[in-house]
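>>> need a 3D model of the sequence below.
(chains A and B)
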Amino acid sequence: MAFDKMELRETEVWDGNFAAAQALRQAQVDVVAAYPITPSTPIVEGYAKFLADGYVEGEFVMVESEHAAMSGCIGAAAAGGRVATATSSQGFALMVETLYQASGMRLPIVLNVVNRALAAPLNVNGDHSDMYLGRDSGWIQLDAYSPQEAYDLNFIAFKVSEDHDVRLPAMVHQDGFMTSHTAQGVKTIDDDTAYGFIGDFKPMNDMLDFDHPVTHGVQTEEDWHFEHKARQHNDLMTKVMPKIQAAFDDFEKLTGRKYNIVESYDMDDADVTVVCMGTSVETAREVAKEMRAKGIKAGVVGIRVFRPFPFEEIKAAFKNVKAIAVLDRSAPGGTPGAMFNEIAGALYNTDDRALLSGYIYGLGGRDLTKAHLVDLYTELQANVDAGKVTTPLQQFIGVRGPKLAFL
Amino acid sequence: MQNNGWDEFEIGAMLRSFDGEVKDIATTLQEDRNYSSNNSFTASVADWRIEKPVFNKDFCIDCQFCWIYCPDISIISRDKKMIGIDMDHCKGCGICVEVCPTNPKSLLMFPEQADEEAELAGWPEKDKEEK
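Purely as a prediction, here's the structure:
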């Protein structure tokens, strides 16, 4: 079966969803099993259209739930195909059981997660609740802050995930609506170059290899389960980051676009810094520049790789910083934010431990405005001047009513 | 339990059925297959059984019903001749006895500890047709 190539302009105007769909086409994904959900729907819809129009050689499997969607992806990946799908929010939540199956079975599936809040109350807008829900699932999690990055990181995800030393599924995250539905200029890669970057799918223990029959998805009890989980964790902790770095390096050589495991902006001489993910990173970068004009040495750190957690890179990024605000865009449910806790864990045993405070913001798509960030940087500078954290450790930004703060 | 460490097995919740490459496995008899130690063929589940089937070849007509219906592939048939039961994998469900059409039946269930020779010697007579 042949397929047509698509002529792309050097720069196309794409939203994050269409950028991801184009990446799935260029990766020539064999199987997409999907149950579309807002705001990720156009990704799988786009793949289906490319398939129907003869621009990709593959299969689109319509299923009856997100649980079935990921189950279909697992079956197709075990059979030996390049597999991807997309989801958000409630659909992601329904997928969780199968996410653990996919990673435990070491199947290289790429899942585009268009981040959206979790009900109740029902909400279709972007926050990081679903991304956080996947953080212990054993997947690689990459975070895109813009349509360009949603496009680029899909290629990185396939390349790393399918590597035989890795063989772990990968999520590419982007913010619901703010990235997924906001059209921007996206620098494209031509079809052959894009496909060549990932390369042909190299099967491993595939069920369609009839000369070497395998059983996938076996049961183990107290006798073997621990060893399997230990192996998976070992590979996440030791093998994935070098492969991601190598893929970033190759990608930079190919396109000139440079990605880092932890992104640092204006951090060389920063006293105060915000660390966050998603579209907030771009807002914070703009405000940091403005704060510098006011004499506050502000910087921004963006987490590009959320899993495996970049423990060492975070230690390096915050060296010599005096105050850090960690922004968590997920309802913490009775604890400090997850990223606050993890960054605190990374920095606790360092000598130059900065003043650390946490902020909960943007739930259900609530805007994080520049004014919020100006106040935040001003607060951080006050902490530096006082030599201690002058505010509660957990504050809510942008919520109506009396000031909400804890700890 | 084998004493292998976490770094000593293939990744994935995956087991190989056979050691090495196999060709034309569908036409290879079980006894000639190179089953791996992970394959359930190499494990015995005989101790699951409370009752066992006993086969009496004197009455068998080789209809293959038992072979078709056995849920655990435990009826051994070669060249369409019933030759016995795989007692390592039979779980004693009794389906083979249920489907056996001969009179008397060529397969009957007995307690696991029953002596096969004695049971064969005392096999039931053919049921008389009632007029």
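
>>> wasn't residue B:71 part of a strand?
No - Residue B:71: not assigned to a strand; according to DSSP: H, G, I helix; E, B strand; the rest coil it is coil.

>>> number of nearby residues for it?
Residue B:71 sits with 9 neighbouring residues when counted by other C-beta atoms under 10 Å in any protein chain shown. In short, each C-beta sits where N, CA and C put it, glycine included.

>>> do the same with residue B:114
Residues near residue B:114, counting by other C-beta under 10 Å: 14.

>>> and it, that's in a helix?
No - residue state for residue B:114 (three-state DSSP) corresponds to coil; a helix is not indicated.

>>> ok, now which ones touch the residue most central in space within chain B?
Nearest to the mean C-alpha position of chain B, counting by C-alpha atoms, centre = their mean, stands residue B:74 at 1.8 Å. Contacts for residue B:74 were tallied using C-beta atoms under 8 Å, 6 or more residues apart in numbering or on different chains; they are B:85, B:86, B:87, B:89, B:90, B:91.

>>> of those, closest to residue B:14?
residue B:89 (22.6 Å; C-beta to C-beta).

>>> how close does that closest one sit to residue B:44?
8 Å (C-beta to C-beta, to the nearest Å).

>>> of these two, who's got more company?
Remark: of residue B:89 and residue B:44, residue B:89 carries more neighbours, 17 against 12, as counted by other C-beta under 10 Å.

>>> surely that one is in contact with residue B:70?
No - counting by C-beta atoms under 8 Å, residue B:89 stays clear of residue B:70, with 9.4 Å between them.

>>> ok so, going back, the contacts of residue B:74, buried ones only, as a ChimeraX selection?
Those of the contacts of residue B:74 that count as buried under 16 or more other C-beta atoms under 10 Å in any protein chain shown are selected in ChimeraX with:
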select /B:85,86,89,90,91
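
>>> got any ranges where the chain has weak pLDDT?
All of this refers to chain A. Low-confidence segments of chain A, defined by pLDDT under 70: A:1-2.

>>> I was thinking of chain B, sorry if that wasn't clear
If you take pLDDT under 70 as the line, chain B has these spans: B:1-3, B:131.

>>> which parts of it are strands?
Using DSSP state E, the strands found in chain B span residues B:14-16, B:51-55, B:75-78, B:81-85, B:107-111.

>>> between those, which gets nearest to residue B:121?
strand B:51-55 (11.2 Å).

>>> how much space separates residue A:44 from residue A:167?
From residue A:44 across to residue A:167, the span is 24 Å (C-beta to C-beta).

>>> how about residue A:77?
Applying C-beta to C-beta to residue A:77 and residue A:167 gives a distance of 10 Å.

>>> just residue A:15 next, same as before
For residue A:15, the distance to residue A:167 equals 31 Å [C-beta to C-beta].

>>> what does residue A:286 give?
Residue A:286 sits 40 Å away from residue A:167, taking C-beta to C-beta as the criterion.

>>> of those two, which one has the most company?
Higher neighbour count among residue A:286 and residue A:167: residue A:167, with 21 against 12, using other C-beta under 10 Å.

>>> tell me the contacts of the more buried one?
Counting by C-beta under 8 Å, 6+ apart, residue A:167 has contacts A:106, A:107, A:108, A:161, A:204, A:235, B:11, B:12.

>>> show me those residues that map onto strands.
With strands taken from DSSP E, there is no overlap with the contacts of residue A:167.

>>> now, of those residues, which are buried?
Neighbour-count burial within the contacts of residue A:167 applies to A:106, A:107, A:108, A:161, A:204, A:235, B:11, B:12; the criterion is 16+ other C-beta under 10 Å.

>>> backbone phi and psi for residue A:26, please?
Torsion angles at residue A:26 (phi, psi; degrees, to the nearest 10) stand at phi -70, psi -30.

>>> return the residues in contact with the closest residue to chain B within the stretch 1-150 of chain A.
Of all residues in the stretch 1-150 of chain A, the one sitting closest to chain B is residue A:106 (3.9 Å; C-beta to the nearest C-beta). Residue A:106 sits next to A:167, A:168, A:232, B:11, B:12, B:13, B:14 when contact means C-beta under 8 Å, 6+ apart.

>>> doesn't the first one fall inside a helix?
The one in question is residue A:167. No - assigned with three-state DSSP, residue A:167 falls outside any helix and is coil.

>>> can I get the contacts of residue A:106 in CSV with distance to residue A:357?
As requested, the contacts of residue A:106 are exported to CSV (distance: C-beta to C-beta, whole Å):
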residue, distance to residue A:357
A:167, 39
A:168, 33
A:232, 34
B:11, 41
B:12, 42
B:13, 42
B:14, 46
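
>>> which of those sits closest to residue A:381?
For the contacts of residue A:106, the nearest to residue A:381 is residue A:168 (41.0 Å; C-beta to C-beta).
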